[in-house]
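# sequence? don't have it. structure:
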DNA sequence: ATTAGCACTCAGGTACTTAGAGTGCTAACA
DNA sequence: TGTTAGCACTCTAAGTACCTGAGTGCTAAT
């Protein structure tokens, strides 16, 4: 369908436009070595490519600009098999991760930062979700007569904590008993099953030991089972201001408004399949980013999907570089997770 | 020095400009009820006020705009004694704080958010610092053969944690011993003194019990004493985009660049005296905010300075409202801290 | 002391012009 | 038949000129 020459032209146009952000004309193209044809010839080809929907004009006599279909074709066919993880960047990534002290949250945060710095787009990292993480320990530590802090540790070294004031009705001693029972019975249980196990099996058991069971138990539940919202790490919201497409105050405003609706973004990333996904412009379902592109990659733990890393930028995006980078990072993260947490047999 | 009428004029100009962001002319002023004079009269007064440095023109034939000196005078003398904490807002603030579950971090985060929403400026909250917080418990929890998580809890319910991999050289049993000793000896010790006590007294003691002391100890130190950076919570970086002074892409860029240098901002807030401070435009020492105003208020715990809350906005700022709000919030926070943590006698 | 009147200034909008980049189409060429 | 040169045409971006309205400063009259 597309001739060899048309492919080359499309490729060159995209590469050039991604770099310069300026529409490109036939004359300029004819000067490139890879296109030893006259401007007129190229004009004809460009007209065809436009008719086929791969190119667009910004106005009747402007140069051409890739259309979303063009980018799509580029990503699917022209991007080449050259997806070896890049040089210098790998070192940077490795440095973040092999820090000796690993704190997954920190790593994620830093990765988001770095990812954005390397690309000048906005990076978004979701997770890690707690699907497969297991309870390691629960602890309640009294702080004063009426306050205490509850601490929950998972096998991945994740620590949730929550301070609360103890209502009059609830006896500290009862709480303590409960915690003991929970530690006894719930160690090694996947976090996602906590709620279920707690309300069924364990509740039975506890009733036997504890006086004013109902009050205390309700309270305990609210302390430990308040949703653990999946965390979203956003890096370089403002790096994207470097992009020339954000040369308009209104665009900036609406971008930042969008970024503030974190739940929406989280949903966006939740529904990704494993592997790398590229969504270009209007392919996105969310209205607010229909003029942007989103590249997502997931990272795993022993086969289970743990979270998603993504980059959000203008449709005029360095797809190749971004895909390379995301792939590299998600692999590193998957490896790191495996390394750290593989021996989680004992609970 | 300033006549009654001049004061009125200055006040009206500032109030109007703060509201509209447009330079104001003599004709418009003469229409206000509080100024039953002709435009010409007012023109003369304005000329005088300009000569005295309280007003400025944006160009030769424009209306007047308050100068920084004008704002300063307004804040110092014209703002009135009417600083009763405002109505509806107090409820909002109280709702955040009296949540039953208190997590100081969360509260601070939410306060920052709300503060910004109520004002459309950017809010910055520093702290709480750990000056007066005391160690409650230290714990090391092994996760796998070679990894563990260290958890440190303060009397304010603050939880620091850190995952790390255990080097070959260090024996798990030694670490455990050390932790025991530390818990024994360091409970109730102010966090800031931890490092000192640890390296002197406690180190002596440990040497007696532990074989390969030096390695283990160095390691431990690096786990527990890595700086606990003072945390900075920023709310509504993008709310400020509503302000008409940010109608220029470059201004937005430089604002966001500035906001990314968190350490600089933290320093800015650290050096505040207690009480409320207003710094207008060039009064600020930091170059990047010389065209903005910063209002800071500190909150306390039993007399000790714990942290600072601040609002950053254009010099054309609703000083009265902001001061009211900050005062209200800082009081609430101080009260809350007192309520929660007053009985911290036992450690 | 206050005000009316007037000449003057300037930002911001509208209209017009021009230069340059680019296109589409036709006709000539290999 | 595919390629190219040439030309008329289009449209943006930048520059220039002009006008209006809001505002000032100053002077003279009240």
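In hand now; what should we look at? Since this is a predicted model, take the numbers as computed values, not measurements.
# just the helices in chain A please.
With helices called from DSSP state H, chain A shows them at A:4-20, A:26-31, A:39-51, A:68-73, A:87-97, A:104-119, A:172-186, A:191-197, A:203-209, A:213-224, A:249-260, A:262-270, A:319-341.
# next, format those helices as a markdown table and append distance to residue B:186.
For glycine as for every other residue, the C-beta is placed from the backbone atoms N, C-alpha and C. Below are the helices of chain A laid out as a markdown table (distance: least, Cβ to Cβ, whole Å):
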| stretch | distance to residue B:186 |
| --- | --- |
| helix A:4-20 | 57 |
| helix A:26-31 | 70 |
| helix A:39-51 | 72 |
| helix A:68-73 | 59 |
| helix A:87-97 | 32 |
| helix A:104-119 | 25 |
| helix A:172-186 | 23 |
| helix A:191-197 | 31 |
| helix A:203-209 | 34 |
| helix A:213-224 | 27 |
| helix A:249-260 | 42 |
| helix A:262-270 | 39 |
| helix A:319-341 | 29 |
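# of these, which is nearest residue B:319?
Closest to residue B:319 of those is helix A:249-260 (Cβ to Cβ; 25.3 Å).
# next, the buried residues of that closest one.
By neighbour count on 16 or more other Cβ atoms under 10 Å in any protein chain shown, the buried set for helix A:249-260 is A:252, A:255-256, A:258-259.
# and those as JSON lines, adding pLDDT and distance to DNA strand C?
Listed next are these as JSON lines, based on pLDDT from 0 to 100; distance: Cβ to the nearest atom of the strand, whole Å:
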{"residue": "A:252", "pLDDT": "92", "distance to DNA strand C": "20"}
{"residue": "A:255", "pLDDT": "93", "distance to DNA strand C": "25"}
{"residue": "A:256", "pLDDT": "94", "distance to DNA strand C": "25"}
{"residue": "A:258", "pLDDT": "92", "distance to DNA strand C": "28"}
{"residue": "A:259", "pLDDT": "92", "distance to DNA strand C": "30"}
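# can you tell me which of the residues you listed are up against chain B?
A:252, A:256, A:259 (Cβ under 8 Å from any Cβ of the partner chain).
# want to throw these into TSV with distance to residue A:160?
Formatted as TSV, these follow (distance: Cβ to Cβ, whole Å):
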residue	distance to residue A:160
A:252	35
A:256	30
A:259	25
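# what is the nearest of those to DNA strand D?
Comparing these against DNA strand D with Cβ to the nearest atom of the strand places residue A:252 closest, at 18.5 Å.
# for the closest one, give me its contacts.
By Cβ atoms under 8 Å, 6 or more residues apart in numbering or on different chains, the residues touching residue A:252 are A:241, A:246, B:241, B:249, B:252.
# repeat that with 6 Å
By Cβ atoms under 6 Å, 6 or more residues apart in numbering or on different chains, the contact list for residue A:252 reads A:246, B:252.
# next: residue A:64.
Contacts of residue A:64 (Cβ under 6 Å, 6+ apart): A:46, A:55.
# does it have beta-bridge partners, and which?
Beta-bridge partners for residue A:64, by DSSP bridges, are residue A:24, residue A:57.
# for it, give me the pLDDT.
pLDDT, residue A:64: 97.
# roughly how far apart are residue A:170 and residue A:198?
The gap separating residue A:170 from residue A:198 is 17 Å, by Cβ to Cβ, to the nearest Å.
# neighbours of the residue of chain A found nearest DNA strand D, how many?
Relative to DNA strand D, the nearest point of chain A is residue A:61 (2.8 Å; Cβ to the nearest atom of the strand). By other Cβ atoms under 10 Å in any protein chain shown, the residues close to residue A:61 number 7.
# again, but for residue A:52
For residue A:52, the count of nearby residues is 16 (other Cβ under 10 Å).
# same check, this time on residue A:261
Residue A:261 has 12 neighbours, counted by other Cβ under 10 Å.
# and for residue A:74, nearest residue in space, chain neighbours not counted?
Distances taken as Cβ to Cβ, 6 or more residues apart in numbering or on different chains put residue A:14 closest to residue A:74, at 5.0 Å, once the chain neighbours are dropped.
# which residues are in contact with residue A:32?
Counting by Cβ under 6 Å, 6+ apart, residue A:32 touches residue A:12.
# look up how far DNA strand C lies from it.
The gap separating residue A:32 from DNA strand C is 13 Å, by Cβ to the nearest atom of the strand, to the nearest Å.
# can you report phi and psi for that residue?
When read as degrees, to the nearest 10, the backbone of residue A:32 gives phi -70, psi 140.
# just the pLDDT for it.
At residue A:32, the model reports a pLDDT of 92.
# least reliable of the helices of chain A by average pLDDT, please.
Across the helices of chain A, helix A:213-224 gives the lowest mean pLDDT, at a mean of 70.
# quick one: which of the ones next to chain B among the buried residues of helix A:249-260 is nearest to chain B?
Relative to chain B, the closest of these is residue A:256; by Cβ to the nearest Cβ it sits at 3.6 Å.
# pretty sure that closest one sits against residue B:238.
Yes: Residue A:256 lies in contact with residue B:238 (Cβ atoms under 6 Å); the separation is 3.6 Å.
# can you check the pLDDT for the residue of the stretch 1-150 of chain A found nearest DNA strand C?
Taking Cβ to the nearest atom of the strand as the measure, the point where the stretch 1-150 of chain A comes nearest DNA strand C is residue A:25, at 2.6 Å. Note on residue A:25: pLDDT of 96.
# verify the stated contact: it with residue A:65.
No: judged on Cβ under 6 Å, residue A:25 makes no contact with residue A:65 at a distance of 10.8 Å.
# more neighbours, those two?
Between residue A:25 and residue A:65, residue A:65 has the larger neighbour count (other Cβ under 10 Å), namely 20 against 16.
# and that one, how far from residue A:293?
Going from residue A:65 to residue A:293 by Cβ to Cβ gives 14 Å.
# near DNA strand C, which residues of the stretch 1-150 of chain A are found?
Contact residues, the stretch 1-150 of chain A versus DNA strand C (Cβ under 7 Å from any atom of the strand): A:23-28, A:39-40, A:43, A:46-47, A:50, A:57, A:60-64.
# can you select the buried ones among the residues you listed for me in ChimeraX?
The following ChimeraX line selects those of those that are buried, judged by 16+ other Cβ under 10 Å:
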select /A:23,24,25,26,28,39,43,46,50,63,64
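# follow-up on the earlier one: any idea how far the residue nearest to residue A:74 lies from residue A:42?
Using Cβ to Cβ, residue A:14 is found at 15 Å from residue A:42.
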